[in-house]
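Peer 1: One predicted model, sequence on top.
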Amino acid sequence: MQNKEQNQPERLIGSIRRECVDDLIVWNEAHLRGILRYYNEIRTHLSISKDAPISRAVQQIGIVKSRAVLSRLHHHYVRI
């Protein structure tokens, strides 16, 4: 029987596959790295209170701008 530590990498890979890669065509390693960067740094996750895995400060002041990511399939909204 597997313990939790042995199962965590499998869960992570499954989550990345289902939520990140299944809906996209990955062209090469650089493209996959960009997708994973989006998943880890920009995309919000409901399970962590709509924060990104790499947390960032909340921007309260400024004009909201849209920045296209992943070949314009998604957008990242920031205040400038």
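Peer 2: Thanks, I have the structure now.

Peer 1: from here on, contacts and neighbour counts on C-alpha atoms
Peer 2: Noted.

Peer 1: quick one: the one helix or strand residue 14 maps to to chain centroid distance?
Peer 2: If you go by DSSP states H and E, residue 14 is part of helix 4-16. Counting by CA atoms, centre = their mean, to the nearest Å, helix 4-16 is centred 16 Å from the centre of its parent chain.

Peer 1: Could I get the buried residue list for that helix?
Peer 2: Buried positions in helix 4-16, judged by neighbour count with 16 or more other CA atoms under 10 Å: residue 16.

Peer 1: Output the contacting helices and strands for it.
Peer 2: For helix 4-16, not one helix or strand is in contact under the criterion 3 or more CA pairs under 8 Å, 6 or more residues apart in numbering; DSSP states H and E.

Peer 1: Quick one: name whatever helix or strand follows it.
Peer 2: Counting by DSSP H and E, what follows helix 4-16 is helix 29-37.

Peer 1: The helix or strand that comes right after that following helix vs helix 29-37, what angle?
Peer 2: Sequence order places strand 64-69 as the next helix or strand after helix 29-37, per DSSP H and E. Interaxial angle, strand 64-69 versus helix 29-37 (axes from the mean of the first three to the mean of the last three CA atoms, to 10 degrees): 140 degrees.

Peer 1: what does strand 64-69 rub up against?
Peer 2: 38, 74-80 (CA atoms under 8 Å, 6 or more residues apart in numbering).

Peer 1: and it, what's its mean pLDDT?
Peer 2: Per-residue pLDDT over strand 64-69 has a mean of 86.

Peer 1: That strand: partners in the sheet, and parallel or antiparallel?
Peer 2: strand 74-79 (antiparallel) (DSSP bridges).

Peer 1: Quick one: mean pLDDT over the strand it pairs with.
Peer 2: Here the average pLDDT along strand 74-79 is 80.
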